[in-house]
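Asker: sequence and predicted structure, then a few things I'm wondering about:
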Amino acid sequence: MSGEDFESLEKVLETCVPEAELREVRRLLFGKQLKKLNLPQSALDAAEEQDFDLKGYVFEASPEQLRPPRTVRVGLIQNKIVLPTDAPVLEQITALHKRVGEMVEVAAICGVNIVCFQEAWTMPFAFCTREREPWTEFAESAEDGLTTRFCIQLAKKYNMVVVSPILERDEIHGGTLWNTAVVVSNNGNVLGKSRKNHIPRVGDFNESTYYMEGNTSHPVFQTQFGKIAVNICYGRHHPLNWLMYSIHGAEIIFNPSATVGLLSEPIWPIEARNAAIANHCFTCAINRVGTVCATSHHDFGHFYGSSYVAAPDGSRSPGLSRTRDGLLVTEMDLNLNRQVADKWNFKMTGRYEMYAEELKKAIQHDFKPNIVKE
Ligand SMILES: NC(=O)NCCC(=O)O
């Protein structure tokens, strides 16, 4: 039952747990109950017609005397590839632009201000193959490639910030490849890019064949709707990576991913959620769906979707489907970040100076661990 025949944990709970206990079970597993977002009927109809899941939830904050609510609507998109992996490269990219573009249109109807796509969204997940061709041909300029130009159009048309994780070709540095998220402002300007800091070396995720650890550090993008950052996929296993985006002021951290069931599914619901709690911010975890890795590779398993949003108080939205394309819309009041920070004080009680000192020593080759012996 761990494959594509299992729709979602939430569905199983709803079906199997008696009504009387379900509320408590949900509270313990997911935190405080979120209100459902009232989505326009035209959006729900479009989602049904186009065969994708559409869900919406609200993260509320308490009213404050001095600050008005800072409400923002965020959309996460998870999807399968559209064409077979042996179709011409440009046709595959164009088909994904069309599919995701239609989903963004529905996001716009739902009032989304910031949308984020899955890791390497313009291509099949080919990094498991270690083959160069044709996969490296999917790489594009972050500044003015086909996909960035497409996202600029979307951003302007819908007045929406677009976070677009792509395979980047960096012509200025000898045509090197990077795993990069491009951030386009709602005015249609490329605000900047954030490269994947941690490259997996686990199972068949041998991505170091394609690109090196990112060199853009931990940029935070000041958008009209809040300060956002992008911690790409494998970076979610590194608590300090989340921490650094937060230290630079991120209010929402996106985690566009591509990961499969047998490898990571049990830890998926924990990591981004824990990061939201530990860093007093919202986190948005996005995973693709489908089974296709790429042409000549052995069976890689099932990308299990389950995209979700977590809040600083530990509450989280239900996940999208494990198998279907989907759009998750969440409305969040960013005032919640400071309200939770004022309650738990992790930033104030964090002993960063002590850690910095000790880490400085720990990275020396002659480091002596502080082990007290009898
Ligand atoms: N794309 C990627 O970094 N996948 C690694 C697997 C994981 O982190 O779950």
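Answerer: Ah, there it is. Residues are numbered from 1 along each chain as shown.

Asker: okay, CA-based contacts and neighbour counts for the rest of this
Answerer: Noted.

Asker: what is the subsequent helix or strand relative to the worst-scoring helix or strand of the chain on mean pLDDT?
Answerer: Across the helices and strands of the chain, the lowest-confidence element by mean pLDDT, DSSP states H and E is strand 205-206, at a mean of 85. Of the helices and strands lying after strand 205-206 in sequence (DSSP states H and E), the nearest is strand 221-223.

Asker: quick one: contacts of that next one?
Answerer: Taking C-alpha atoms under 8 Å, 6 or more residues apart in numbering as the criterion, the residues outside strand 221-223 that touch it are 161, 183, 185, 186, 191, 192, 227, 228, 229, 250.

Asker: the first one and the ligand, how far apart?
Answerer: This points to residue 161. Between residue 161 and the ligand the distance is 23 Å, computed by C-alpha to the nearest ligand atom, to the nearest Å.

Asker: next: the fourth one.
Answerer: Counting by C-alpha to the nearest ligand atom, the gap from residue 186 to the ligand is 27 Å.

Asker: residue contacts, that residue?
Answerer: Contacts here follow C-alpha under 8 Å, 6+ apart; on that basis residue 186 touches 113, 155, 156, 158, 159, 160, 161, 162, 223, 224.

Asker: and the first one, by the same measure?
Answerer: Shown here is residue 161, whose contacts under the criterion C-alpha under 8 Å, 6+ apart are 113, 114, 115, 155, 183, 184, 185, 186, 187, 188, 223.

Asker: I'd like to know the beta-bridge partner residues of it.
Answerer: When bridges are assigned using DSSP bridges, the partners listed for residue 161 are residue 114.

Asker: renumber starting at 755 from here on
Answerer: Shifting the count to begin at 755 puts that one at residue 915.

Asker: rewinding a little: partner strands of the least confident helix or strand of the chain, with direction?
Answerer: For strand 959-960, pairing defined by DSSP bridges yields strand 955-956 (antiparallel).

Asker: for the protein, which helix is longest?
Answerer: The helix of greatest length in the chain, counted in residues with DSSP state H as the criterion, is given as helix 843-863.

Asker: determine which two of the contacts of residue 940 are furthest apart.
Answerer: Between any two of the contacts of residue 940, the greatest separation by C-alpha to C-alpha is 14.8 Å, found for 912 and 977.

Asker: residue ranges of the helices in the protein, please?
Answerer: Secondary structure of the chain by DSSP H: the helices cover 763-770, 773-784, 795-803, 843-863, 900-912, 993-1001, 1015-1018, 1022-1033, 1089-1098, 1100-1103, 1106-1116.

Asker: please identify the most buried of those helices.
Answerer: With neighbours defined by mean count of other C-alpha atoms under 10 Å, none of the helices of the chain is more surrounded on average than helix 1022-1033, at a mean of 22.

Asker: residues in contact with residue 1058?
Answerer: Counted by C-alpha under 8 Å, 6+ apart, residue 1058 has contacts 758, 1013, 1014, 1015, 1019, 1041, 1042, 1043, 1044, 1075, 1076, 1077.

Asker: in the sheet, who's paired with it?
Answerer: Applying DSSP bridges, one finds that residue 1058 bridges with residue 1043.

Asker: gap between it and residue 811?
Answerer: Distance from residue 1058 to residue 811, counting by C-alpha to C-alpha, to the nearest Å: 21 Å.

Asker: what's the answer for residue 1030, then?
Answerer: Using C-alpha to C-alpha, we find residue 1030 at a distance of 17 Å from residue 811.

Asker: thought residue 878 was touching residue 833?
Answerer: No: applying C-alpha atoms under 8 Å as the test, residue 878 and residue 833 come out as separate, 10.7 Å apart.

Asker: which bits of this structure sit near the ligand?
Answerer: Along the chain, the residues adjacent to the ligand under the rule C-alpha under 6 Å from any ligand atom are 954, 959, 987, 988, 1011, 1012, 1013, 1018.

Asker: let's see which of those residues end up in strands.
Answerer: Using DSSP state E, 959, 1011 are the members of the residues of the chain next to the ligand that sit in strands.
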